[in-house]
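Enquirer: Kindly return the folded structure for what I paste below:
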Amino acid sequence: MSAVGEGERGREDWARYWRDPDRPVEAMHAHFFSHRFHPHSHDTYSFAVTEVGAQRFRCRGALRTSGAGMVMVFNPDDPHDGEAAAELGYKYRIVHIGPDVVRNVLADVADSADGRAALPLFDRPVVSDPLLPRALLRLHTALVGGAGPLVRDERLTAAVGAMVRRGATGPLYTRELPDGSGEQVRAARRARALLEEAYAEEIPAARLAEAAGCSRFALYRAFRAAYGMAPSDFQRQLRLRRARGLLVAGSSAAEAAVQAGFADQSHFHRWFVRCFGVTPGTFQRAASPDSRHTPRP
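Expert: Numbering: from 1, shown residues only. Okay, here's the model as predicted:
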């Protein structure tokens, strides 16, 4: 396990990244002044604490702002962007926790006989609660600071439990379908199925509309309503997720770019940074169980 970083001086953007090599738990500590996140989502729950300044982002159809001491909360596949909303930029710590990890923690807390628990839904992207930043910062410190596995597990359980008790509004499966007719929703799902099946291919708009069973314009509106981003952004996100998996498995950035469907390595590098805030190399080194980088104080 490791924490690796890039660029940390003055008013330059910097970020440090850490990843558990054995399960989907990741952490980042960053201070951004000029970096703007392109609309994207994660396949994890993401909990962040703003430490300095303020971050402005669009999520769930509205513009949100998280200032110092506030917590940002994203469900799996919640589309969002992000940029500085203050001259100080925004310094924050974020943890990404896979749904299976969250489910296992909640099942353990509930002492579930079958080991199953409903995944939580967080419908407030910004939460102001003084207890939550403390729990998340303790977890983040344990993850990136080299704490032992027992400490990490204890703080993970405490943080997930606190977030669910004080921030969740119900089970994830009760999330309502997007606005629009049933046919619009079905069209968006058919288009998504094609994108997931052929994410590495170049798919013309006409082919996607044919699979969806509607016009290209109707599909664009239906897809954005259903998934919060354009079909092209969704396809790029699928490619990025595939590339992340390849990097963790040991592929080079050039190999990951080609296999995931990017035009070339520079194109892949550019979009990786725009969506995740770090370079593919930084992510790969942080994900390697053989790396032993010490985070800066």
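
Enquirer: Could you check how far stretch 76-91 is from the centre of its chain?
Expert: 12 Å (Cα atoms, centre = their mean, to the nearest Å).

Enquirer: Oops, could you answer that again for stretch 52-70 instead?
Expert: Relative to the centre of its chain, stretch 52-70 is centred 15 Å away, using Cα atoms, centre = their mean.

Enquirer: And that stretch, end to end?
Expert: One end of stretch 52-70 sits 10 Å from the other (Cα to Cα, to the nearest Å).

Enquirer: Average pLDDT for that stretch, rounded please.
Expert: In this model, stretch 52-70 has a mean pLDDT of 96.

Enquirer: Equivalent analysis for stretch 144-161, please.
Expert: Stretch 144-161 comes out at a mean pLDDT of 94.

Enquirer: Give me the contacts around it.
Expert: Stretch 144-161 is contacted from outside by 1, 3, 16, 18, 25, 27, 29, 47, 95, 97, 101-102, 105-106, 108-109, 135-136, 138-139, 141-143, 294-295, using Cβ atoms under 8 Å, 6 or more residues apart in numbering. From N, CA and C alone the C-beta is placed, and that goes for glycine too.

Enquirer: so where do the helices sit in the stretch 51-200 of the chain?
Expert: Assigned by DSSP state H, counting those that start in this stretch, the stretch 51-200 of the chain shows helices spanning 99-110, 131-144, 149-167, 182-197.

Enquirer: Would you tell me which of these gets closest to P79?
Expert: helix 182-197 (13.2 Å; Cβ to Cβ).

Enquirer: The residue positioned nearest the centre of the chain: what's it in contact with?
Expert: With distances taken as Cα atoms, centre = their mean, H42 lies nearest the centre of the chain, 2.9 Å away. By Cβ under 8 Å, 6+ apart, the contact list for H42 reads F74, P76, D77, D78, H96.

Enquirer: could you dump those residues to a markdown table with distance to F262 and pLDDT?
Expert: Below are the contacts of H42 laid out as a markdown table (distance: Cβ to Cβ, whole Å; pLDDT from 0 to 100):
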| residue | distance to F262 | pLDDT |
| --- | --- | --- |
| F74 | 25 | 97 |
| P76 | 23 | 96 |
| D77 | 21 | 95 |
| D78 | 24 | 95 |
| H96 | 22 | 98 |
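
Enquirer: ok, of those, which one's closest to L119?
Expert: P76 (8.2 Å).

Enquirer: Number of residues surrounding that closest one?
Expert: Number of residues near P76 (other Cβ atoms under 10 Å) recorded here: 17.

Enquirer: now what about stretch 216-228, what contacts it?
Expert: For stretch 216-228, contacts defined as Cβ under 8 Å, 6+ apart pick out 39, 41, 60, 77-79, 177-180, 184-185, 187-189, 191-192, 205-206, 208-209, 212, 214, 229-231, 234.

Enquirer: Could you turn the buried ones of the residues you listed into a ChimeraX selection?
Expert: Command for ChimeraX that selects the buried part of the contacts of stretch 216-228, burial taken from 16 or more other Cβ atoms under 10 Å:
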select :39,41,78,79,178,184,185,187,188,191,192,208,209,212,214,229,231,234
